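Engineer: missing the sequence, but the structure's below:
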């Protein structure tokens, strides 16, 4: 069994290459975010790439069970605003 070790940076570069240069046209891309982490810089970059390349996408937040409902609502609103979805 072959095992390949890639760094996080390499994975990010592969994702960017796939979305911008491969010619792939995914039906829909699902961007899963940790609600507690908000919208990290890489995810902001991904949203910009997805919009520029006209890839349809949805943003899904997970780990909502770890926060109170009010906190979830506030975090989701902040993610919507930061992503330009609001």
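Structural biologist: Looks like it arrived, so ask away. Predicted, not measured: the structure shown is a model, and the values here were computed from it. Numbers count the residues shown, from 1 in each chain.

Engineer: So which bits of the biggest helix by length in the chain are buried?
Structural biologist: Taking DSSP state H as the assignment, the helix of the chain that covers the most residues is helix 69-83. Buried residues in helix 69-83, counted by 16 or more other CB atoms under 10 Å: 72, 75-76, 79, 83. In short, each C-beta sits where N, CA and C put it, glycine included.

Engineer: Would you mind pulling the contact partners of that helix?
Structural biologist: Identification of contacts with helix 69-83 by CB atoms under 8 Å, 6 or more residues apart in numbering yields 33, 35-36, 38-39, 44, 47, 59, 61, 64, 67, 85-86.

Engineer: export those to JSON lines and tack on neighbour count?
Structural biologist: Compiled in JSON lines, those are given as follows (neighbours: other CB atoms under 10 Å):
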{"residue": "33", "neighbour count": "19"}
{"residue": "35", "neighbour count": "20"}
{"residue": "36", "neighbour count": "14"}
{"residue": "38", "neighbour count": "14"}
{"residue": "39", "neighbour count": "21"}
{"residue": "44", "neighbour count": "13"}
{"residue": "47", "neighbour count": "18"}
{"residue": "59", "neighbour count": "19"}
{"residue": "61", "neighbour count": "18"}
{"residue": "64", "neighbour count": "16"}
{"residue": "67", "neighbour count": "14"}
{"residue": "85", "neighbour count": "11"}
{"residue": "86", "neighbour count": "10"}
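
Engineer: Just the ones in strands from the residues you listed, please.
Structural biologist: In this view, those that belong to strands under DSSP state E are 33, 59, 61.

Engineer: now for the helix or strand of the chain with the lowest mean pLDDT, which elements pack on it?
Structural biologist: Between all helices and strands in the chain, the lowest mean by mean pLDDT, DSSP states H and E belongs to helix 8-20, at a mean of 86. Judged by 3 or more CB pairs under 8 Å, 6 or more residues apart in numbering; DSSP states H and E, the packing partners of helix 8-20 are helix 41-52.

Engineer: pLDDT value on the closest residue in space to residue 15 that isn't next to it in sequence, please?
Structural biologist: Counting by CB to CB, 6 or more residues apart in numbering, residue 15 lies nearest to residue 46, which is 7.4 Å off, once chain neighbours are set aside. With respect to pLDDT, residue 46 scores 93.
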